[in-house]
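> sequence and predicted model, in that order:
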Amino acid sequence: MRKLLVGIVLLFAYVGAFAHTSGSSFLALRAEGESTVHAEWDFDLRDLHQSLQLDIDGDGTLTWSEILAARPAIESLVLARTHLSSKAGACTLASTDVPAIAEHGDGPYLRFIATFTCPPGPLALDHSGWVAFDPGHRALLEFQAANGERAQAILGGSAQEWHATESRLAHLARFLLEGMRHLLTGYDHLAFLGVLLLALARRRRSGESSSLLQMLRRAFAVITAFTLAHSLTLALASTGYVTLPSKPVEVAIALSVMIAALLNLSRGAAAHGWKLAFAFGLVHGLGFAGALAELASGRIDLLALAAFNVGIETAQVAIAAAAVPLIWWLFRGLRSERVGVPLASVSVACVAAVWVGSRLAA
Amino acid sequence: MRRYFPMALLAVAAFGMDAEAAVRVYRPDDPGQVVLRLGSSTGESQLAQLRAASLAAPNDLDATIRYVDELIVAGARSGNERYYGYAEQVVQGAGDAGNLALKLRRARLLQHKHEFAAAEQVLGEILDSDSHHREARLMRAQVRLHLHEPQQALADCTALMPFVDLLTSTTCIAQARAAQGDLPRAQALLLRVLDYQRGEDATRSWAAGVAAEFAVRLGDQGTAERWYRESFDLDPLSHYARITYADWLLSAGRFAEALQVANRGGSLADRARSVLASRDAGTLDAQRLQLAWQEADARNERAHLRDRARFELTLLHDPAKAKPDARASFQERNEADDALLLAATAAATHDRESLNAVQAWQQRYHYQDVRLDTLLGVSR
């Protein structure tokens, strides 16, 4: 008679089975500042051995040297099975540290220590790679946000992904800050604003002069026109009413800087500042919309749009508040105005011409 | 050895656990330091070879099945649940869903996860294709016993008779008879065949384990010891034989022997019995065991509740603390050991509601056990 598969059938038979708890891991994520995330993830050494066969000499034990020798393979495996991202895209690995052994209650785990750089936005963790490897796998996640708030989650079974929740206030604050950051680090928008403000220093006649207050009033008109225009196109593009590919928009923005700078060569530049700001502001709004879409991963609500726009305006007003008195002071003399403004404008136009060329070639 | 966190300063575990439950984190200074013993009982080298063979020939179903079987055996011997998870992954990745051998392994894994109804369905499909499939028949009988379907289990056990040895079919029939409420006759039947037929070691170990359990339920400790010992001696690598023997030794107050038996394994269940046998809740082993249970709690796992209830009841002498775990395990697993534990904690805390629940369970399933009778009788 053929031998019965005792190992498969009978070993179960004379006592009640134990529920299948299977593999486990412990994931600790700590957000540090705006874009840095520190990770300490403990993976069971037996799970790692099952995947990578770490017992090189086959003696039935894992030594520290065998684990260190396998460090690159372990890191690749962990990163392949555990994906960290934010709403705006995948986090990138910044560095890893030498792993450590973490003695948990049910045995030794390998602590994978790494730092990630993440785009802004609430974090998400995809742990499905481990669950696919072991359907009974359970992971305990602890997350500490930059503001100290903590969250816990259990990953396993149908819950293979975790998403950090973001309060409404934090959500709006993030978009507001991103709006400010986008303007302050967007050199083309800054250059455009700069040449518009520079135009305010121009005088038609040699006897004409303007007070700081007058210049501030004109700056207010220019900024308001720019704001209205780019808010309009930002809203239309963000809500999907206007869609344009990014390349022509980027070229048009660079062209707008060049044209505005060249128009500053005219002595009457100050007179058409607000009209120019409105016309080209429409183009810049399309550029802002591209940045916003990237930030929000395509899902934009109206409040977030408003917060982003407020951020842009806040930064804009702050820059103008600092730049207008400086421009007024620098070019208050006739000679400095006649020489300085055209010289600065031509310099900006040259740089903008290079941007046009490079964006066309991209 | 340099420790990042010295032994004395066990770091408070992450994830909000108590100070006593601390995860020790360190980096060994000595590259040759062993950080994990994989264990010879799990046949690691054999597993590695079968894994390599399975990966090298992904379309070779026989190689896949050999690997899955070895993983299941490793799980059954070590008591380490991970092996079942690995086996499940391999089975899920195998292509031919209709293959009977694969279906049998799938049913085995479902059975292990206590998904008895699903296992019964898969085994029914196998038997529809091949009514002589003896492994599927025997497995379904066991599943039906867990589903409290003794009549159907008996039908499967009887149908096995032409295809298996007498000891296997008789043990199966005795289990079904006992589940129908006729424990003394079931025991007599099984003991007669155990005396008459030797059988394969693994089969005899199983049959001896069943006979020992029957003897305990009948209050015959001498017979129970004989069969528990034989079951363990015949298959000392079996996790279940080890655990059940250790449990009996603990219940008999033979702690030194229980410690020796439990120390032969390394699973959480083995460690729980070692701690119970040591009679000291303050040891590092006891603390690490409690850490493991707390971590399992944090992952919403339930399998450890029975062992923790026993720890709280018999080592901490705190039935009030043990009762919630005992009740949860009774509701979750609903097995005889859970009924006994709940009855013991309920009797100690004069919890009539829980005692009534256990009594209702006993009557519903015709479960005969002098220990349970004593506990329920004492409380009245």
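Good, I have the coordinates. Numbers count the residues shown, from 1 in each chain, chains lettered A, B, ... in the order given.
> can you list the residues of the stretch 251-380 of chain B near chain A?
B:268-269, B:288-296, B:298-303, B:332-333, B:335-337 (Cβ under 8 Å from any Cβ of the partner chain). Placement of C-beta: from N, CA and C, glycine included.
> ok, now with 10 Å
B:266-269, B:271, B:287-296, B:298-307, B:332-338 (Cβ under 10 Å from any Cβ of the partner chain).
> which among these end up buried?
The neighbour-count test (16 or more other Cβ atoms under 10 Å in any protein chain shown) marks B:266-269, B:271, B:287-296, B:298-299, B:301-307, B:333, B:335-338 as buried among these.
> can you count the residues close to residue 188?
No chain specified, so I'll use chain A. 18 (other Cβ atoms under 10 Å in any protein chain shown).
> actually it's chain B I care about, not the one you picked
Neighbours around B:A188, by other Cβ under 10 Å: 13.
> how close does it get to B:L291?
Using Cβ to Cβ, to the nearest Å, we find B:A188 at a distance of 46 Å from B:L291.
> what does B:S278 give?
17 Å.
> now B:W227
Counting by Cβ to Cβ - B:W227 and B:L291 are separated by 35 Å.
> please apply the same query to A:L93.
Distance of A:L93 to B:L291, given as Cβ to Cβ: 31 Å.
> ok, now A:A277?
66 Å.
> just the strands in the chain please.
Unless you meant another one, I'm taking chain A. For chain A, the strands defined by DSSP state E cover A:24-32, A:36-44, A:61-63, A:83-86, A:89-90, A:92-104, A:107-117, A:123-126, A:138-144, A:150-156, A:161-163.
> chain B, not that one
For chain B, strands defined by DSSP E occupy the ranges B:24-26, B:34-37.
> deepest in the core, which of those strands is it.
Among the strands of chain B, strand B:24-26 has the highest mean neighbour count (mean count of other Cβ atoms under 10 Å in any protein chain shown), at a mean of 21.
> quick one on the thing from earlier: worst average pLDDT in the strands of chain A?
Looking at these, the lowest mean pLDDT belongs to strand A:150-156 (a mean of 84).
> near chain B at all, that one?
Yes - for strand A:150-156, a contact with chain B is found by Cβ under 10 Å from any Cβ, at A:R150, A:Q152, A:I154, A:L155, A:G156.
> any weak-confidence spans in the stretch 251-362 of chain A?
For the stretch 251-362 of chain A, applying pLDDT under 70 flags the ranges A:270-271, A:293-300.
> pull the number of nearby residues for the closest residue to B:T171 other than its chain neighbours.
Of all residues not flanking B:T171 in the chain, B:A207 sits nearest, at 4.3 Å (Cβ to Cβ, 6 or more residues apart in numbering or on different chains). The tally of other residues near B:A207 (other Cβ under 10 Å) stands at 30.
> wouldn't B:E44 be in contact with A:H49 here?
Yes - counting by Cβ atoms under 10 Å, B:E44 touches A:H49, with 8.4 Å between them.
> where do the contact lists of those two overlap?
Applying Cβ atoms under 10 Å, 6 or more residues apart in numbering or on different chains, one finds that B:E44 and A:H49 are jointly contacted by A:D55, B:L38.
> next one: B:A212 from chain A, what distance?
9 Å (Cβ to the nearest Cβ, to the nearest Å).
> contact partners for that residue?
Shown in contact with B:A212 (Cβ under 10 Å, 6+ apart): A:14, B:220, B:223-232, B:241, B:244-245, B:248.
> among the residues you listed, which are located in helices?
When DSSP state H is applied, the contacts of B:A212 are split such that B:223-232, B:241, B:244-245, B:248 fall in helices.
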